[in-house]
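Novice: coords please:
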Amino acid sequence: MLTQTTTRVLDPSELGAALAILESEPVTNAFVTSRVQVAGLDPWRLGGEMWGWYADGRLRSLCYSGANLVPICATPEAVRAFADRARRTGRRCSSIVGPVESATQLWRLLEPSWGPAREVRSNQPLMVTEELPHAIEPDPYVRRIRKDEMEVIMPACVAMFTEEVGISPMAGDGGLLYQARVAELIGAGRSFARIDDGKVVFKAEIGAATTQACQIQGVWVAPEFRGRGLSETGMAAVLRYALDEIAPVASLYVNDYNTAARAAYRRVGFREVGAFMSVLF
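Specialist: Numbering: from 1, shown residues only. All right, here's what the predicted structure looks like:
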């Protein structure tokens with residue numbers, strides 16, 4: 001008997017079914033799950049559409065289509081369906097990000113019509129930890145950023161983004177969306193830094209947070225302070241906040257070629273449990 005499949009934009013009434021899929025892989029899906037838990041499935045509030053792939057009337061896989069295109073718990077058949085829909089709608093995202101298997105397949109299907117990409121990062125190890133490091137003391141000077149310190153933290157955030165992504169977040173709309181995101185994280189108490197004499201020495205954010213897992217992002221040390229172990233002590237401090245106050249598991253993903261960062265994260269207690277892939281446009 002043939003299985004009947006279809007793909008469509010989820011209705012807000014399907015929130016429970018969507019969360020059941022998202023929460024089945026709490027670490028991998030932390031970013032999208034955190035947004036859906038706050039905004040629901042309304043595209044305006046969510047900042048994009050949530051596509052669903054259905055088999056015999058049952059929701060089986062998801063794909064978030066917003067600033068990023070993110071396949072979620074996507075089977076190979078679902079990825080093909082999402083690629084077909086993405087081709088029809090045209091590229092609206094600035095990147096494709098997801099688990100390496102499904103993201104690789106999605107890009108292979110979309111590259112003929114969407115390519116070339118500005119950069120493809122084919123292997124970004126996903127790392128997790130559930131405990132504070134035993135041998136590294138948290139930096140006592142790393143703290144939450146206050147709302148009145150937006151002007152202090154922004155140059156470091158812009159420097160980190162430009163160094164990591166290869167383009168400035170201030171391009172296009174003048175940085176309005178990026179500044180809003182930084183302000184959102186500060187307001188939520190998830191932006192952290194060490195500031196010495198008015199200068200950001202180390203910074204990081206907890207970019208996604210659910211009750212099951214959180215994701216650390218934007219880890220950055222000012223160039224003149226690198227090589228002093230500040231990323232390790234700083235990360236230990238951020239982990240203290242993350243594991244004590246937010247979720248039992250902290251995660252991050254890192255470029256495979258960044259061997260120094262991977263080694264530092266391992267020393268803080270992170271271990272590799274999978275991999276992501278990112279396609280940047």
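
Novice: Okay, now the unreliable bits of the protein?
Specialist: For the chain, the stretches flagged by pLDDT under 70 are 1-3.

Novice: Tell me where it has helices.
Specialist: With helices called from DSSP state H, the chain shows them at 15-22, 30-39, 43-46, 76-89, 100-114, 150-165, 176-187, 230-241, 259-268.

Novice: and these, which is most packed in?
Specialist: Among these, helix 230-241 has the highest mean neighbour count (mean count of other Cβ atoms under 10 Å), at a mean of 23. From N, CA and C alone the C-beta is placed, and that goes for glycine too.

Novice: still on that earlier bit, can you tell which of the helices of the chain is closest to residue 214?
Specialist: helix 30-39 (6.5 Å; Cβ to Cβ).

Novice: Residue 275 touches residue 99, doesn't it?
Specialist: Yes - using Cβ atoms under 8 Å, residue 275 makes contact with residue 99 at a distance of 7.5 Å.

Novice: follow-up on the earlier one: the helices of the chain: which one's closest to residue 138?
Specialist: Ranking the helices of the chain by distance to residue 138, with Cβ to Cβ as the measure, places helix 230-241 first at 3.8 Å.

Novice: What helices and strands are in contact with the closest one?
Specialist: Helix 230-241 makes packing contacts with strand 191-196, strand 199-209, strand 214-221, helix 259-268 when contacts are defined by 3 or more Cβ pairs under 8 Å, 6 or more residues apart in numbering; DSSP states H and E.

Novice: Could I get the ones you listed in a markdown table, plus columns for distance to residue 155?
Specialist: Shown next, in a markdown table, are the helices and strands packed on helix 230-241 (distance: least, Cβ to Cβ, whole Å):
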| stretch | distance to residue 155 |
| --- | --- |
| strand 191-196 | 11 |
| strand 199-209 | 7 |
| strand 214-221 | 11 |
| helix 259-268 | 21 |
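
Novice: closest to residue 136 out of the ones you listed?
Specialist: Nearest of the helices and strands packed on helix 230-241 (Cβ to Cβ): helix 259-268, 6.0 Å.

Novice: report the angle between the axes of the closest one and strand 214-221?
Specialist: On the basis of axes from the mean of the first three to the mean of the last three Cα atoms, to 10 degrees, helix 259-268 is oriented at 120 degrees to strand 214-221.
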